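J.: quick one: sequence and predicted model below, then my questions.
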Amino acid sequence: MYFSRRHSIDTPFFPKVMSERRFHLLIKFLHFVDNSTINENTKCRKLAKILPVLNHLRGKFMSTYLPERDVSIDESLIGWKGRLSWKQYIPSKRKRFGMKMFALCESSSGYMFNFIIYTGCDTDYGEKYSNEPVTARIVLSLMDPLLGKGYRLFLDNFYTSVDLADKLVKNRTDCVGTMRLNRKGVPTDIKKKLSKGETVARYRKKIMVQKWRDKKDVLMLSTIHDGSMGTIQKRTGDVEKPLCILEYNSKMGGVDLTDNYLHFYGTTRSRVKKFYMKIFWHFLSVTTLNSYHIYKKSGGKLKRLNFLIELGEKLVEKYNQSNSRQKRRSKTPLPTRYSERHFPSVIPPTTKQKPTKRCQVCHEKKIRKESRYWCKECHTGLCPAPCFGIYHTKE
């Protein structure tokens, strides 16, 4: 509909950039690798058709911007309901079905710094940490460019363990996260039952494991906090919670923040038959979102919608080869042809000295007749009489 000539929704900008046929051809034949180079020995074969794009974007995300001190790792979902061997079901996510991705994002803005797409047993986590358990391998691979730089990492209970905290501390990286009671290294005496509001904490060097009873037991691991409590205001009154939980709640939402932003103004098309094209459109949205975060950090004042509009205009200005084809007129008449004032006038000369147009009323009667007159407001060729009056009169 962006290319429609119907007067009520006509958008002249898009046909000037390219024709509708060219747009559909570009979408139809958009491809990223030579299929003949893909074989059984290809690394990360399931993502081979989109891998060059992913590797390029990952490098750009990491080289263009350095995140603030607090970062978080969580799962994200690229919606997909088609047949796919590594499709996941995550009921807590809005889309529920799709391709799972482990993402490292800045806590304050949601800037996506690094990511790994899950493809089952052959997921490419990198070779550097191949001897580690899967959860630790995910975290260390994503955090590898930031290790040793004093970052604070926030995790959920899928990743958090005492062993992982030891490895992060050795690399001058703090971590805070919820933890499962059955994890290896959890002190046995911390598993005792607590009353509501009670807390117990155990320490080993820089690591603290704290259990707090709310409606249910909450187990936290932190290399930053001690077991002290803080107060939060709610409608029912002031509530005391451990400081590590208060900070975890405020800093853990980096990936969810990104997903929330991508829900608005996304470029992802709903009807896509090839999964790698869905990944491409998703990461096109991520790229524009990351560029917006950098723009805001640089002092930009535009809101996201206006930023996206201006970004599109600048890209067209830089790369467009203008579509010089003459614009065809809409087949549907103007909705104001019965209400406004219209007058017949002679068609102005073009390359011809006396140009003519096909009479619209005669054409509808299957009579071929050319006229030297037209309605300038409707851009329609018409015989001066009686066709001009018939065309502008309600039946």
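T.: Cool, the structure landed. Numbering: from 1, shown residues only.

J.: wait, what's in contact with residue 357?
T.: Counting by CB atoms under 8 Å, 6 or more residues apart in numbering, residue 357 touches 347, 370-371, 374, 380-381. C-beta: built from backbone N, CA, C; applies to glycine.

J.: most widely separated two among those residues?
T.: Greatest spacing in the contacts of residue 357, by CB to CB: 370 and 380 (13.2 Å).

J.: okay, these two: which has more neighbours?
T.: Each of residue 370 and residue 380 has its neighbours counted (other CB atoms under 10 Å); residue 380 has more, 24 against 12.

J.: can I assume the more buried one is in contact with residue 391?
T.: Yes - the criterion here is CB atoms under 8 Å, and residue 380 meets it with residue 391 at 6.9 Å.

J.: residues in contact with residue 68?
T.: Counting by CB under 8 Å, 6+ apart, residue 68 makes contact with 106-109.

J.: likewise for residue 251?
T.: 70, 72, 107, 152, 154, 176.

J.: want to throw the residues you listed into JSON lines with secondary structure?
T.: Below are the contacts of residue 251 laid out as JSON lines (DSSP: H, G, I helix; E, B strand; the rest coil):
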{"residue": "70", "secondary structure": "strand"}
{"residue": "72", "secondary structure": "strand"}
{"residue": "107", "secondary structure": "coil"}
{"residue": "152", "secondary structure": "strand"}
{"residue": "154", "secondary structure": "strand"}
{"residue": "176", "secondary structure": "strand"}
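
J.: of those, keep whichever come out buried.
T.: Taking 16 or more other CB atoms under 10 Å as the criterion, what is buried in the contacts of residue 251 is 70, 72, 107, 152, 154, 176.

J.: quick check: the farthest pair among those?
T.: Across the buried ones among the contacts of residue 251, no pair lies farther apart than 107 and 176, at 10.7 Å, counting by CB to CB.

J.: need the overlap of contacts for these two.
T.: Common neighbours of residue 107 and residue 176 (criterion: CB under 8 Å, 6+ apart): 154, 251.

J.: so residue 228 makes contact with residue 241?
T.: No - in this structure, residue 228 is not within contact of residue 241 by CB under 8 Å, at 10.6 Å.

J.: those two: which is more packed in?
T.: The neighbour comparison of residue 228 against residue 241 (other CB under 10 Å) goes to residue 241, with 18 against 11.

J.: who touches the helix or strand containing the more buried one?
T.: Per DSSP states H and E: residue 241 is located in strand 237-242. Under the criterion CB under 8 Å, 6+ apart, residues 197, 199, 210, 212, 214, 220, 225, 227-233 lie in contact with strand 237-242.

J.: any chance of TSV for those residues, columns pLDDT and secondary structure?
T.: Below are these laid out as TSV (pLDDT from 0 to 100; DSSP: H, G, I helix; E, B strand; the rest coil):
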residue	pLDDT	secondary structure
197	82	coil
199	88	strand
210	90	strand
212	88	strand
214	85	coil
220	91	strand
225	87	coil
227	83	coil
228	86	coil
229	86	strand
230	86	strand
231	84	strand
232	84	strand
233	83	strand
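
J.: what is the nearest of those residues to residue 292?
T.: residue 232 (30.9 Å).

J.: I'd guessed the closest one sits against residue 247; true?
T.: No - using CB under 8 Å, residue 232 makes no contact with residue 247, being 11.3 Å away.

J.: quick one: neighbours of residue 190, just the number.
T.: 16.

J.: surely it touches residue 200?
T.: Yes - using CB under 8 Å, residue 190 is in contact with residue 200, at 5.8 Å.

J.: got any ranges where the protein has weak pLDDT?
T.: For the chain, the stretches flagged by pLDDT under 70 are 270, 321-339, 394-395.

J.: quick one, helices of it?
T.: Along the chain, counting by DSSP state H, helices occupy 13-17, 20-28, 51-64, 134-143, 162-170, 243-251, 254-263, 275-297, 304-319, 360-364, 387-391.

J.: would you list these in CSV and tack on distance to residue 352?
T.: Below are the helices of the chain laid out as CSV (distance: least, CB to CB, whole Å):
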stretch, distance to residue 352
helix 13-17, 24
helix 20-28, 28
helix 51-64, 50
helix 134-143, 67
helix 162-170, 78
helix 243-251, 71
helix 254-263, 53
helix 275-297, 46
helix 304-319, 33
helix 360-364, 20
helix 387-391, 21
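
J.: who wins for proximity to residue 123 among those helices?
T.: Checking the helices of the chain against residue 123 by CB to CB gives helix 134-143 as the closest, at 8.7 Å.

J.: so what touches that closest one?
T.: When contacts are defined by CB under 8 Å, 6+ apart, helix 134-143 is touched by residues 71, 73, 102-104, 114-116, 125-126, 128-130, 132, 147, 151, 153, 155, 158-159, 161, 163-164, 167-168, 173.

J.: ok, now with 6 Å
T.: Identification of contacts with helix 134-143 by CB atoms under 6 Å, 6 or more residues apart in numbering yields 73, 102, 104, 114, 125-126, 129, 159, 164.

J.: same question, stretch 35-52
T.: Stretch 35-52 is contacted from outside by 32-33, 119, 124, 276, 279, using CB under 6 Å, 6+ apart.

J.: residue 178 touches residue 159, doesn't it?
T.: No - when contacts are counted by CB atoms under 6 Å, residue 178 is not listed as touching residue 159 (9.6 Å).

J.: more neighbours, those two?
T.: residue 159 (22 against 19).

J.: the stretch 1-150 of the chain: strands as residue ranges?
T.: 70-79, 88-89, 97-106, 112-117 (DSSP state E, counting those that start in this stretch).
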